[in-house]
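Trainee: The following comprises the amino acid sequence and a computationally predicted model.
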Amino acid sequence: MAAGLVIGLIIVPAGGVLADPQPTISQAKAKLEKLNDKADKVVDRYNTATESYKDAKKRYDKLDDGYKRKLSTVTELRQQVVAMAVNGYQVGRDLTALPSLVTSDRPDDLLYQMALTGRLSQERAGMLAAFDRENRGLKAERDKAQAALGEADEKRDEIRRERAEVEKLIAQQKKLLNRLGAYRAGDPNSTGIKYTGPASGSAVAVLNFAYAQVGKPYQFGGTGPGGWDCSGLTQASWRAAGVSLPRTTWQQWAWGANRRVSLDALQPGDLIFSEGLGHVSIYAGNGKIVHAPQTGDVVKVVPLSSYGRRLVGAVRP
């Protein structure tokens, strides 16, 4: 068991004096924050691996569809060539090449020979041979994409196991916070609150959406509508304004490489990132942020000064 997580173990010496009192709410929250920092990074890695898997799957499906279409075309062309050959042979030509044409996996040479001897037009022979070559190239590319898909799936499974271990620790802390009356389950059906801040332009839609999520639970990997993680909330909020952000905190920070702004020049709608890129929030104006903070809490609006994490910078989508 991880150090510092033996909660509720109370040792009573012979004299009846408690040697290890139950942690206070502030102590429990401090432990939870450390675990959340660790979990944020693991979950963000998992989300990144999941996005990589989706991209690999999309690429494989596209190549597989293209391969199947080309294969169908090659098959149809080959059938046409065979039909033409049969018609030619029925008027007395040599039948010896026909079985080979039907069964050959690599008919290029055979087709060329048939064209030279007048059994098949050079144009038709070249067309079928070219399709065969292209189809073999597509299959090789498809097979590479399939291998990449398998690797992405293995990486996702590896991080999923790591995530499961972290979530076990978080579950212990949630139980502790429940016993201390400090756990906020949230309401997945919350309609939030109305945004009345100084935002303008597309940031109005962003903050209207984010404020409508206030009161919903923080959820690892959450992309709504009933629960959110930090980057899931920022992604969906900016999507409401027609801007497509990547899924994870790391990806959003990288995406904003040419959109960085100083922390002393924040405007409503800007994304604020913590050190280590484990967390992201949305600046709401008037010194406030809206974010999905951590396990045992809910989407909420708080002063930026109470953020509790060192900041690394901001991005203006």
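Mentor: Noted; the coordinates are in hand.

Trainee: Surely R163 is in contact with N47?
Mentor: No: here R163 lies out of contact with N47, judged by CB atoms under 8 Å, at a distance of 9.7 Å. Heads up, the C-betas are built off the backbone N, CA and C, glycines and all.

Trainee: neighbour-wise, which of those two wins?
Mentor: N47 (25 against 20; other CB atoms under 10 Å).

Trainee: Could you pull up the residues touching the more buried one?
Mentor: G221, D229, S231, R247, T248 (CB atoms under 8 Å, 6 or more residues apart in numbering).

Trainee: Name the nearest residue to the second one, ignoring sequence neighbours.
Mentor: Counting by CB to CB, 6 or more residues apart in numbering, G222 is the residue found nearest to D229 once chain neighbours are left out, at 4.7 Å.

Trainee: Isn't the one you found up against Q235?
Mentor: No: using CB under 8 Å, G222 is not in contact with Q235, being 11.0 Å away.

Trainee: what's across from L311 in the sheet?
Mentor: S274 (DSSP bridges).

Trainee: so where do the helices sit in the stretch 201-317 of the chain?
Mentor: For the stretch 201-317 of the chain, applying DSSP state H, counting those that start in this stretch gives helices covering 202-212, 230-239, 249-255.

Trainee: Return the most buried member of those helices.
Mentor: helix 230-239 (a mean of 24; mean count of other CB atoms under 10 Å).

Trainee: can you list the weak-confidence ranges in the stretch 101-250 of the chain?
Mentor: Under the criterion pLDDT under 70, the flagged ranges of the stretch 101-250 of the chain are 101-135, 137-138, 173.

Trainee: So what would you say the end-to-end distance of stretch 297-304 is?
Mentor: Across its full length, stretch 297-304 reaches 17 Å between end residues, using CA to CA, to the nearest Å.

Trainee: residues in contact with it?
Mentor: Stretch 297-304 is contacted by residues 184, 186-187, 190, 192-193, 210-211, 213-218, 228, 233, 272, 283-284, 287-293 when judged by CB under 8 Å, 6+ apart.

Trainee: follow-up on the earlier one: put together TSV for the helices of the stretch 201-317 of the chain, with distance to V43 on each row.
Mentor: Shown next, in TSV, are the helices of the stretch 201-317 of the chain (distance: least, CB to CB, whole Å):
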stretch	distance to V43
helix 202-212	20
helix 230-239	9
helix 249-255	9
